[in-house]
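K.L.:
Sequence first, predicted coordinates after that:
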Amino acid sequence: MADVWDCYHWDLAAVEDQILSNIGSDVPLVREIATFVLQGEGKRVRPLLLLLSARLCGCQGHEMHALASFVEYIHTATLLHDDVVDDAGFRRGKEAAHRLWGNQSSILVGDYLYTKAVRSIVDFRIHELNSVIAESVQRMTEGEIMQISLNCHKSVLSQTEYIQMVERKTGALIAAACQMGAILADADASDQEALFQFGLLLGTAYQIVDDMLDYVGQGDRLGKTLGNDIRQGKITLPLLHLLHHVDEIRRGDVQAVLEQSHVDHGDIERIVALMNEYGSVQYSMTIAREYVDKAKSALVGFGESTAKQALYIAANYMTTRDH
């Protein structure tokens, strides 16, 4: 993956410049919080995929850099909102914005980044871009609401419901980023759809791995505290697999932890040990790899190019990353 970052260093540097220069508000607090969160150690996965999709379809202009920056605004807005909802302590290795400026300011700056992105995308005067981004924001919101709703009824959560939720909350924006790159390149409908499917499948794999890393990743690399999902009572694929395969007594023990108001490190360690015993982590990785393989298959209609190879490498990175 380092080779991809190096190969597209100029494009990504141009996106970084756009990210900071496009904030645009003359309200000091907006600029302060937005700059703080946007200068975090983010991976810029969505901007990179937009750039690669645009290059794959022959785009040579500079508009892609601005467009990629606006997609990152939308992603960052969701992080600001999520951290308030989850009462997260850290984000990207730094104290979460709501801990420094309060919930109200964090939510409102998230709203600002959403609206700034949507308004700026409208200025491209390409109707298809407006439709794609509006649809993705709607589906992301539905995914977050699904998560809240499903976690209130943990005993009936199925893997199908989990995947539907993940496709919305994470897959939707990554799919939109890939499709928007194709739209900007004036690609035909079939190529746009292929890149949309690539992004949707890849985004699903990305979130599955993210959920797995919450149990077995390295906290200092992830930039957040491990075990946050279970502390918040979230049922993700590793835990879902465990609950469906563990014996009745142990299932009761795990569910009791989920219902506790305080989950300590020992509780997390015991659940991770059970996941390893029942193969829950390995199962989650297997499912993620299946989605990555399907994503790469969506690109078979494109000719060989540096951008296509970079997309394949980026796809493989989703299941090999440690943060």
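P.N.:
Yes, it's here. Numbering: from 1, shown residues only.

K.L.:
From now on I want contacts and neighbour counts done on CA atoms only, so please keep to that.
P.N.:
Fine.

K.L.:
Can you list the low-confidence ranges for the stretch 51-200 of the chain?
P.N.:
With pLDDT under 70 as the threshold, the stretch 51-200 of the chain has low-confidence stretches at 152-156.

K.L.:
what are the ranges of the helices in the stretch 51-200 of the chain?
P.N.:
According to DSSP state H, counting those that start in this stretch, the stretch 51-200 of the chain carries its helices in the segments 63-86, 97-101, 103-122, 127-151, 159-166, 172-184, 189-216.

K.L.:
From the contact counts, what lies against the last one?
P.N.:
The contact analysis (3 or more Cα pairs under 8 Å, 6 or more residues apart in numbering; DSSP states H and E) places helix 189-216 against helix 159-166, helix 172-184, helix 228-231, helix 237-245, helix 265-278, helix 280-297.

K.L.:
As TSV, those helices with distance to Gln39 and mean neighbour count would be great.
P.N.:
Written out in TSV, the entries for the helices and strands packed on helix 189-216 read as follows (distance: least, Cα to Cα, whole Å; neighbours: other Cα atoms under 10 Å):
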stretch	distance to Gln39	mean neighbour count
helix 159-166	26	17
helix 172-184	20	29
helix 228-231	23	20
helix 237-245	31	21
helix 265-278	30	16
helix 280-297	29	20
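
K.L.:
Tell me which of these lies nearest to Leu201.
P.N.:
For these, the distance to Leu201 is smallest for helix 280-297, at 5.3 Å, taking Cα to Cα.

K.L.:
Now do that closest one against helix 237-245, angle only.
P.N.:
Using axes from the mean of the first three to the mean of the last three Cα atoms, to 10 degrees, the inter-axis angle of helix 280-297 relative to helix 237-245 is 120 degrees.

K.L.:
Report the angle between helix 280-297 and helix 265-278.
P.N.:
With the same axes, to 10 degrees as the basis, helix 280-297 and helix 265-278 are set at 70 degrees to each other.

K.L.:
so what does whichever helix or strand comes after helix 280-297 touch, helix or strand wise?
P.N.:
Tracing the chain past helix 280-297, the next element assigned as helix or strand by DSSP states H and E is helix 306-317. With contacts taken as 3+ Cα pairs under 8 Å, 6+ apart, helix 306-317 sits against helix 2-7, helix 45-56, helix 280-297.

K.L.:
Out of the ones you listed, flag the one nearest Glu167.
P.N.:
For these, proximity to Glu167 was assessed by Cα to Cα; helix 280-297 is nearest, at 11.2 Å.

K.L.:
export the helices and strands packed on helix 306-317 to a markdown table and tack on distance to Leu38?
P.N.:
What follows is the helices and strands packed on helix 306-317, written out as a markdown table (distance: least, Cα to Cα, whole Å):
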| stretch | distance to Leu38 |
| --- | --- |
| helix 2-7 | 19 |
| helix 45-56 | 13 |
| helix 280-297 | 28 |
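
K.L.:
Considering the ones you listed, which stretch scores lowest in mean pLDDT?
P.N.:
Note on the helices and strands packed on helix 306-317: helix 2-7 shows the lowest mean pLDDT, a mean of 88.

K.L.:
would you put the C-alpha positions of that helix in CSV?
P.N.:
Once side chains and other backbone atoms are set aside, the C-alpha atoms of helix 2-7 remain, and they are given as CSV (Å, rounded to 0.1, in the frame of the first residue of the first chain):
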residue,chain,number,x,y,z
ALA,A,2,2.9,2.3,0.6
ASP,A,3,3.7,2.2,-3.1
VAL,A,4,0.1,3.5,-3.8
TRP,A,5,0.5,6.4,-1.4
ASP,A,6,3.8,7.2,-3.0
CYS,A,7,2.5,6.9,-6.6
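
K.L.:
just checking, what packs against it?
P.N.:
With contacts taken as 3+ Cα pairs under 8 Å, 6+ apart, helix 2-7 sits against helix 306-317.
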